[in-house]
Structure formats: structure tokens, C-alpha cells
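Participant: Coordinates only, no sequence provided:
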Ligand code: XBP
Ligand code: MG
């Protein structure tokens with residue numbers, strides 16, 4: 001039986017990428033005097049690389065190492081990421097980034113059913129906690145048994161490492177857990193860790209390959225606006 005649900009964050013709990021992380025990266029580039037700008041479609045391509053620091057490192061291969069990066073690419077990516085994380089957290093305060101439809105309801109209903117909740121994400125823990133707090137209150141992070149985020153594992157999604165890290169701490173077999181993801185790299189990570197996975201798509205991910213998913217949904221739905229089942233069965 002189902003004992004825990006492990007949620008991805010970006011694109012799954014909230015549409016954080018286009019109007020959140022992307023905007024925060026661009027603000028960081030401006031603040032640091034770089035002439036880089038990531039438009040929506042460029043960012044869509046760059047999302048193939050999970051992790052903000054890794055994404056910056058990948059972009060350096062295309063745009064070249066800026067003059068400002070005197071301490072090398074790794075230190076440069078880390079400093080961009082720190083500035084970007086500050087801007088991302090400010091965006092969560094104003095204008096704010098809401099949770100996707102059905103997310104708050106599902107979290108509440110799972111807790112009421114004594115299903116344990118966990119998070120497995122590529123992004124920085126402080127960004128995740130700030131998103132939860134901004135939308136669900138100061139101690140929102142305490143509602144999750146395990147939060148696996150950012151650099152706690154060396155290999156980010158699509159590697160299964162973050163899901164394995166979370167499962168180990170939950171102390172549960174993969175067979176008792178369900179993953180909720182929004183992207184192909186996320187689905188690959190969860191599937192490689194042996195987890196059944198429900199996918200809720202968004203604008204950046206809707207055309208990706210989700211053949212390995214238990215079900216593909218438009219979103220998690222609200223009573224007055226149910227989700228659409230895009231593939232699979234409602235009972236997996
Ligand atoms: C999320 C990511 C992250 C975010 C930005 O992927 O790839 O890098 O874009 O967060 P997933 P950071 O939803 O598959 O976990 O800049 O803090 O990495
Ligand atoms: Mg995601």
C-alpha cells in the first residue's frame with residue numbers, strides 16, 4: 001500500500017522556472033555586469049541540464065567564460081548561483097509564485113490519510129523551503145519527513161541518486177512510494193530508482209517523452225476544475 005509520496009518541486013509543486021528561476025538568473029547576470037540574457041526558449045533548452053550551477057557551466061560552453069570569471073568556471077557558477085538564489089527568494093515574496101492547482105489540497109489529503117510526504121529536487125534547499133513557506137506558512141517544511149535537495153548528492157537528475165537518498169531516509173521500499181514529477185529528466189530519475197511516477201505536465205515539458213510514467217495528468221486538479229488524464233489510467 002502507499003506509504004509515502006515523493007514530490008519534485010520545480011514545475012511540479014509550482015511553475016517556478018519561466019517566471020522564477022529564469023528571471024532570477026537574468027537579474028543576477030545584470031547585477032554582476034554580464035551581458036547574458038536567457039529568453040524563454042533559450043531557457044527551455046537549458047533546462048535539459050538540471051541544477052542552476054550546472055546550467056551556468058553548460059552555458060559557458062556556448063557563450064564563453066566571461067572576463068569577470070577570474071577564479072575559473074566553478075567559482076564563477078557558484079557566485080552566480082548565490083546571487084540568483086537571493087533574487088529568486090525575493091521573487092517569492094513579490095510578486096510571489098503560487099502553487100499549481102491541487103497541490104495544497106493533495107498535500108493536506110495525503111497527510112490526513114497518514115501518507116508520509118517527501119521532496120526530491122535538483123534545486124537549492126533554501127529555495128525550496130522559501131517556496132513552501134511563502135505559500136503554506138512558516139513551518140511548511142516541517143510537513144515533509146525528508147527534503148532531498150541540491151548538492152546532497154553528486155549526480156543530479158536524471159541520475160536516480162536524489163530519489164535513492166530520500167528513500168533511504170524514509171526507510172521505505174520503492175514499492176510503497178510514489179513519485180510526482182513534471183519532466184522527462186525527473187521521470188528518468190524516479191524510474192531508475194524503481195519508483196512508480198505520476199507526471200503533471202507544464203508548458204516547458206508537455207511535449208517530452210513520458211512513456212515510462214504510470215499516468216500523465218494536466219495538473220493535480222481542484223474539485224471545481226478536475227485534471228485531464230493525458231495518458232495511462234487513473235488507478236495506475
Ligand atoms: C530543477 C532544476 C533546478 C532549478 C533551479 O529541476 O533543474 O536547477 O531550475 O534551481 P527538477 P537551482 O524539477 O527536475 O528538480 O538554481 O537552485 O539549482
Ligand atoms: Mg521538475
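Facilitator: Ah, there it is. Since this is a predicted model, take the numbers as computed values, not measurements. Ligands and ions are numbered 1, 2, ... in the order given.
Participant: By neighbour count, which bits of the top helix by length along the chain are buried? Give me those.
Facilitator: Of all segments of type helix in the chain, defined using DSSP state H, the longest is helix 73-93. In terms of neighbour count (16 or more other C-beta atoms under 10 Å), helix 73-93 has its buried residues at 76-77, 79-81, 83-85, 87-89, 91-92. All C-beta spots, glycine's among them, are computed from the backbone N, C-alpha and C.
Participant: Then stretch 39-47?
Facilitator: Using 16+ other C-beta under 10 Å as the test for burial, stretch 39-47 gives 43, 44, 46, 47.
Participant: cool, stretch 54-74 as well?
Facilitator: For stretch 54-74, by 16+ other C-beta under 10 Å, it's 55, 56, 57, 58, 59, 66, 69.
Participant: neighbouring contacts of it?
Facilitator: Stretch 54-74 is touched from outside by 25, 32-34, 36, 38, 46-47, 49, 75-77, 80-81, 156, with contacts defined as C-beta atoms under 8 Å, 6 or more residues apart in numbering.
Participant: out of those residues, which touch ligand 2?
Facilitator: Contacts with ligand 2 are made by none of the contacts of stretch 54-74, judged by C-beta under 5 Å from the ion.
Participant: Can you list the residue ranges for helices in this protein?
Facilitator: Using DSSP H, helices in the chain cover 22-31, 40-46, 52-63, 73-93, 103-112, 125-136, 161-170, 184-192.
Participant: TSV please, covering the ones you listed and showing mean pLDDT.
Facilitator: Shown next, in TSV, are the helices of the chain (pLDDT from 0 to 100):
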stretch	mean pLDDT
helix 22-31	98
helix 40-46	97
helix 52-63	97
helix 73-93	98
helix 103-112	98
helix 125-136	98
helix 161-170	98
helix 184-192	98
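Participant: Serialize the ones you listed to a markdown table and add fields for distance to ligand 1.
Facilitator: Rendered in a markdown table, the data for the helices of the chain read as follows (distance: least, C-beta to the nearest ligand atom, whole Å):
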| stretch | distance to ligand 1 |
| --- | --- |
| helix 22-31 | 8 |
| helix 40-46 | 9 |
| helix 52-63 | 2 |
| helix 73-93 | 6 |
| helix 103-112 | 14 |
| helix 125-136 | 5 |
| helix 161-170 | 8 |
| helix 184-192 | 4 |
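Participant: Reformat these into TSV and put distance to residue 8 next to each item.
Facilitator: As requested, the helices of the chain are exported to TSV (distance: least, C-beta to C-beta, whole Å):
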stretch	distance to residue 8
helix 22-31	17
helix 40-46	17
helix 52-63	15
helix 73-93	17
helix 103-112	11
helix 125-136	10
helix 161-170	9
helix 184-192	5
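Participant: Check the gap between residue 104 and residue 199 for me.
Facilitator: 19 Å (C-beta to C-beta, to the nearest Å).
Participant: So for these two, which sits in the more crowded spot?
Facilitator: Using other C-beta atoms under 10 Å as the criterion, residue 104 and residue 199 rank with residue 199 on top: 28 against 17.
Participant: separation between that one and residue 49?
Facilitator: 20 Å.
Participant: Over to residue 187?
Facilitator: Taking C-beta to C-beta, one finds residue 187 at 16 Å from residue 49.
Participant: So for those two, which residue has more residues nearby?
Facilitator: Higher neighbour count among residue 187 and residue 49: residue 187, with 28 against 17, using other C-beta under 10 Å.
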